[in-house]
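Enquirer: with the sequence up front, the predicted model follows.
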Amino acid sequence: MKRNTFKFVQNILIAVVFLLLMDARSFFGLWFHEIAGLVVYAIFILHIILNWTWVKVTTKKLFSRIDGEQRLNYILDFLLLVGFVCILISGLAIAKMIDFSWLGFKNEHMMIYRSMHTSFSMLVLLIAGVHLGLHWRWVLSRFKRTE
């Protein structure tokens, strides 16, 4: 499988699973929500690794001459990374099916973690939609190549 095709399939997988995760009690239940959440996070990290050259080049150019679309993409990608990390940390804290108590999260902060988890999930969904919109031409070109 070619690299761009793999990245395309990976992006679709992230999007579909992330949408399935939006309600922890629907579809396949809380167990699926917790496991799939960890899987999506791993796929997201793989996505960053596969695009590492772009990350390095754009980071070096960030404070010099860079076009507005690249700068916006970089900022959105950074916000997605921060959002995913916040979702992961709060998700580990509120997990019920998988025991992460060894990480030392305090029970008295569960409401904060739950609010953080829900809020960042919604924010990441919004940012991911904008991210998808900015890459829409690439998405359409990938679909045309699969016909």
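Expert: That came through, no problem. Numbering: from 1, shown residues only.
Enquirer: now what about the helix or strand of the chain with the lowest mean pLDDT, what contacts it?
Expert: Lowest mean confidence among the helices and strands of the chain (mean pLDDT, DSSP states H and E): helix 136-146, at a mean of 74. With contacts defined as CB atoms under 8 Å, 6 or more residues apart in numbering, helix 136-146 is touched by 4-5, 8, 11, 132. For the C-beta atoms, the positions are set from N, CA and C on the backbone; glycine is no exception.
Enquirer: could you do stretch 2-21 as well?
Expert: The contact list for stretch 2-21, computed with CB under 8 Å, 6+ apart, reads 1, 27-28, 32-33, 36-37, 39-40, 43-44, 46-47, 50-51, 121, 124-125, 128, 132, 139, 142, 145-146.
Enquirer: type out the PyMOL command that picks the buried ones from these.
Expert: Burial among these is assessed by 16 or more other CB atoms under 10 Å; the matching PyMOL selection reads:
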select buried, resi 32+33+36+37+40+44+47+121+124+128+142
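Enquirer: need the helices for this protein, in chain order.
Expert: Using DSSP state H, the helices of the chain run over 3-20, 29-50, 52-61, 68-94, 110-134, 136-146.
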